[in-house]
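S.K.: predicted structure and sequence below. I'll ask about it afterward.
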Amino acid sequence: MARYVVAITGASGVIYGFELVRLLLLMRYEVHLIVSEPARLVIEQELGFAPDEQKIRDYLPPGELFVYDNSDIAAVIASGSFITEGMIIIPCSMSTLAAVAHGMSDNLIERAADVALKERRTLVVVPRETPLSTVHLRNMLSLAEMGVALVPAMPAFYHQPRSIADLVAFVVGKVLDVMKIPNDCFNRYGNFIDADNADRL
């Protein structure tokens, strides 16, 4: 069973992280989830529940889910010898993004990201901030130069979304695409080009 590490940090948009974990579990992947302390505050504000481990499990479908405290730097996912397919930080706060860009390992999220980098595994970062400062952009460039996939939480509208769920699904689908996980989270662009337009293209 393929394993993925997912980190939810203290940026707005924690629903993106939960939707990704939900889909990975439904696809029968093993998920190793880290929720930062700031993220717990955001979860309570945006999703309406105090996220202890049991409530997180209740919110998600059953499956191979492992939940870690961000202070547990001795957790198995802190070791490069624990093989995973990669890691996704979704949403990623600018604080966490800066820490990863500069090789910090002060908590489990930062250490797990450092492991993904050193082991040359896929690392996907979903920044959620606006507007972006020069510091933010420089940190993102540093990560991109290291091979990190940056997938900003910028939903498109060509698929004619009708709900917040549609917008969330688009971003999560793009993350799955980067991870090379087949999905049908959103209607892809080619589905909206009629035969006459296709001929002209």
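M.R.: Good, I have the coordinates.
S.K.: all contacts plus neighbour counts: C-alpha atoms, from now on.
M.R.: Fine.
S.K.: residues contacting residue 82?
M.R.: residue 76 (Cα atoms under 8 Å, 6 or more residues apart in numbering).
S.K.: restricting to C-alpha, output stretch 164-180 in PDB.
M.R.: Taking C-alpha atoms only, stretch 164-180 is exported to PDB below (Å, rounded to 0.1, in the frame of the first residue of the first chain):
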ATOM      1  CA  ILE A 164     -17.300  25.900  -2.600                       C
ATOM      2  CA  ALA A 165     -16.900  22.200  -2.900                       C
ATOM      3  CA  ASP A 166     -16.300  22.500  -6.600                       C
ATOM      4  CA  LEU A 167     -13.600  25.100  -6.000                       C
ATOM      5  CA  VAL A 168     -12.000  22.900  -3.300                       C
ATOM      6  CA  ALA A 169     -12.100  19.900  -5.600                       C
ATOM      7  CA  PHE A 170     -10.300  21.700  -8.400                       C
ATOM      8  CA  VAL A 171      -7.300  22.600  -6.100                       C
ATOM      9  CA  VAL A 172      -7.200  19.100  -4.600                       C
ATOM     10  CA  GLY A 173      -7.400  17.600  -8.100                       C
ATOM     11  CA  LYS A 174      -4.400  19.600  -9.300                       C
ATOM     12  CA  VAL A 175      -2.500  18.300  -6.300                       C
ATOM     13  CA  LEU A 176      -3.400  14.700  -7.100                       C
ATOM     14  CA  ASP A 177      -2.300  15.400 -10.700                       C
ATOM     15  CA  VAL A 178       1.100  16.600  -9.500                       C
ATOM     16  CA  MET A 179       1.400  13.400  -7.400                       C
ATOM     17  CA  LYS A 180       0.500  11.400 -10.500                       C
END
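S.K.: residues near residue 8, how many?
M.R.: 28 (other Cα atoms under 10 Å).
S.K.: now swap in residue 121 and tell me
M.R.: For residue 121, the neighbour count with other Cα under 10 Å is 18.
S.K.: can you give the contact residues for stretch 40-60?
M.R.: With contacts defined as Cα under 8 Å, 6+ apart, stretch 40-60 is touched by 10, 11, 12, 13, 14, 15, 18, 21, 22, 67.
S.K.: and the residues you listed, which of them are in helices?
M.R.: Members of the contacts of stretch 40-60 lying in helices (criterion: DSSP state H): 14, 15, 18, 21, 22.
S.K.: of these, closest to residue 112?
M.R.: Comparing these against residue 112 with Cα to Cα picks out residue 21 as the nearest, at 16.8 Å.
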